Each structure stands twice: as C-alpha cells, then as structure tokens.
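>>> Quick one: sequence plus predicted model below, questions after.
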Amino acid sequence: MNDPWEYPGELYEIIRAYYRDLQAETDFLKSYGLKRGDYLLDIGCGTGTLIRKLSLDGINCTGIDISRSFIRYARSRLPSSESGVSIPKLSVEPAQNLLKKITLSQRYDVILIVFNVLSYLESFQQVESLVKKLRTTLKDGGRLVLEFAMYLNFVPRFASNMTVNHWDDGLVINRAITHHIDPYNAMWTHEEIMSVISGRTTKIYPQRYEQLIITPIWIERILRTCSYSKIEAFTNWHKGNRLSDESTCIFVCTV
Ligand SMILES: C[S@@+](CC[C@H](N)C(=O)[O-])C[C@H]1O[C@@H](n2cnc3c(N)ncnc32)[C@H](O)[C@@H]1O
C-alpha cells in the first residue's frame, strides 16, 4: 500500500474541484477582512489550491503538508513574481511538527485547517494540543478557521462500498472506496483503489487512511477551554447554518 496522499497532485486537483467551490472559500475568508500584506498559514494545504489563489491578492501564504507529491505539485504551480503577487512558502511537514516547536518564527493573521485535515491527525489528543498551540501563533485579533466533515451527518448517507468517477480532459479517475467505522474508538477507515485511465494506460493508486470522527460539540469545547473568543459555526462556505446531508462544519474564532 502506498503512503496515503502520495499520488500526483494534478489528480488531487481534479478530485478537489469536484467537491469544493474555491471562490466561495476565498470569499468566506475575505469576509473576515483578510487583505493584502496579511500572513496566512494553511496546515495540510494539499496541492496549495487555496493559497495559490490568495497569493495572487498579495496575501503572504505559508503552506505545510505531509504529502511530498502534493507539495511538489504546489511548487510547480507557484505564481510568477509579478507586482502585487506574494510567492507562497511551502514545505513538506506533518502538522504534528508544529507541536514540537516552542515558538513559530512568524505570527499569523489567519490559520487554516480545512477540508478534513484535522481528522487525519493521529489522535484526539493531537487535535486538542494543536488547537491549543495555534492560539500562541495567531496575532492579536487573528483568526483560526477549522473545517471538518460533520460525520454524524454522514450517517444517513453511509455506504460501506462506493464508486466515484471523475472526468477531466480525456482522463477518467475511478475510485472504488470501502469504509469501516469503529464506533467505540470514533474512527473511520477509508480504503480506496484509485484507477486513472488515460488513453490506453491505466495507473492504480491504492490508499488507506484512518480518520478521527470529529463532532462540533467537542471542537467547540476545546476552543472555549483554550479561551478562543467570537466562536462562530457554519455548515457551508456561504455562511449557512442549516444542516443537510451535504453539511460540512466550519468553525471561525479569534484570540
Ligand atoms: C482532503 S486534503 C485537504 C487539502 C487542503 N486543505 C485543501 O483544502 O485542498 C487532506 C490533506 O491533509 C494532508 N495531511 C494528512 N495528514 C496530515 C498531517 N499529519 N499533517 C499535515 N498534512 C496532513 C494530506 O496530505 C492532504 O493534503
């Protein structure tokens, strides 16, 4: 089995676009006053999709991710240094490393952990420690944005086996997915065979990863315990808060 997330970044970009509305995500962040010259850290930045867009508006972005392939792709897509563009800083680094550093060299206006990255940490304890640590890394008035899948909402849609297809420019990505839930430990295992068909060539990328089943009430309790304030919760990037089968969970808070 490959390391999870070690598949070509261009495939991730196709899959991401299938689930996400990049414009809604950036509009959401800008509604909190994110502006040219601000410093933003994206933890688990994937292929750098969000920070690539924000850097075009002069936001100083740093992205870290555990995937060498995704960071390689993100580096290959860096914007050119035209006036007004801020070139993102990218590194291959697990989020857990932030816990080992006593202080980070930079303080940020915004820190993002979005599109389920929290669920890929190794333990609930790590999530809690990271959220606590990030408080010291935000500037006064800075914002932490956390987004995770509302797993309880997946219950009506739970499928132990599913197939998802993505098409893009002569390429077909066929994902055969199996899910197992371990309710006692609140863990969700995702196993996947990703077949990528291009012309007469097929490449296979097997994936397996464990996910922590995170609930809003638990995250809210951590944020309050760590003395974050102005805690807001939304169920989509348009700032809605009605639950639906498609709901995600976004928390925004400040220090
Ligand atoms: C669903 S993707 C989301 C990526 C990105 N935030 C986005 O919005 O496109 C999950 C990401 O988490 C990264 N990841 C998983 N475990 C991680 C860890 N321990 N530290 C840092 N990144 C991690 C993966 O490599 C992958 O890029």
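Great, that's in hand. Note that the coordinates shown come from a computational prediction; the quantities given were computed from them, not determined experimentally.
>>> Quick one: name the residues of the stretch 1-150 of the chain near the ligand.
5, 16, 44-46, 49-50, 65-67, 70, 94-96, 114-117, 120-121 (Cβ under 6 Å from any ligand atom). Where C-beta positions appear, they are placed from N, C-alpha and C, glycine not excepted.
>>> how distant is stretch 196-205 from the center of its chain?
In terms of Cα atoms, centre = their mean, to the nearest Å, the gap separating the centre of stretch 196-205 from the centre of its chain is 27 Å.
>>> Can you give me the buried ones in that stretch?
Buried residues in stretch 196-205, counting neighbours by 16 or more other Cβ atoms under 10 Å, are found at V196, Y205.
>>> With stretch 75-86 instead?
The neighbour-count check on stretch 75-86 (16+ other Cβ under 10 Å) flags L78, S86 as buried.
>>> Work out the gap between that stretch and the centre of the chain.
Relative to its parent chain, stretch 75-86 has a centroid offset of 22 Å by Cα atoms, centre = their mean.
>>> Let me see the contact set for the residue in the stretch 1-150 of the chain that the ligand sits nearest to.
Closest residue of the stretch 1-150 of the chain to the ligand, Cβ to the nearest ligand atom: G46 (2.8 Å). G46 sits next to Y12, R16, D65, S67, F70, A74, F115 when contact means Cβ atoms under 8 Å, 6 or more residues apart in numbering.
>>> Let's see which of these end up in strands.
Among the contacts of G46, the members found in strands (DSSP state E) are D65.
>>> Compare the contacts of G46 and tell me which has the most neighbours.
Neighbour tally across these (other Cβ atoms under 10 Å): the maximum, 26 neighbours, falls on F70.
>>> want to throw the contacts of G46 into TSV with pLDDT?
Converted to TSV, the contacts of G46 look like this (pLDDT from 0 to 100):
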residue	pLDDT
Y12	97
R16	96
D65	98
S67	98
F70	98
A74	98
F115	95
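>>> sorry, back to before: for the residue of the stretch 1-150 of the chain closest to the ligand, phi and psi?
Dihedral pair for G46: phi 60, psi -130, per degrees, to the nearest 10.
>>> Where do the helices of this structure begin and end?
Under the criterion DSSP state H, helices of the chain are mapped to 9-19, 22-30, 49-55, 68-76, 97-100, 124-135, 151-154, 216-225.
>>> Where does the prediction get shaky in the stretch 101-250 of the chain?
151-156, 245-246 (pLDDT under 70).
>>> which residues of it fall in strands?
Ranges of strands within the stretch 101-250 of the chain are 108-113, 138-149, 161-168, 171-182, 187-198, 201-212, 229-234, 248-254, based on DSSP state E, counting those that start in this stretch.
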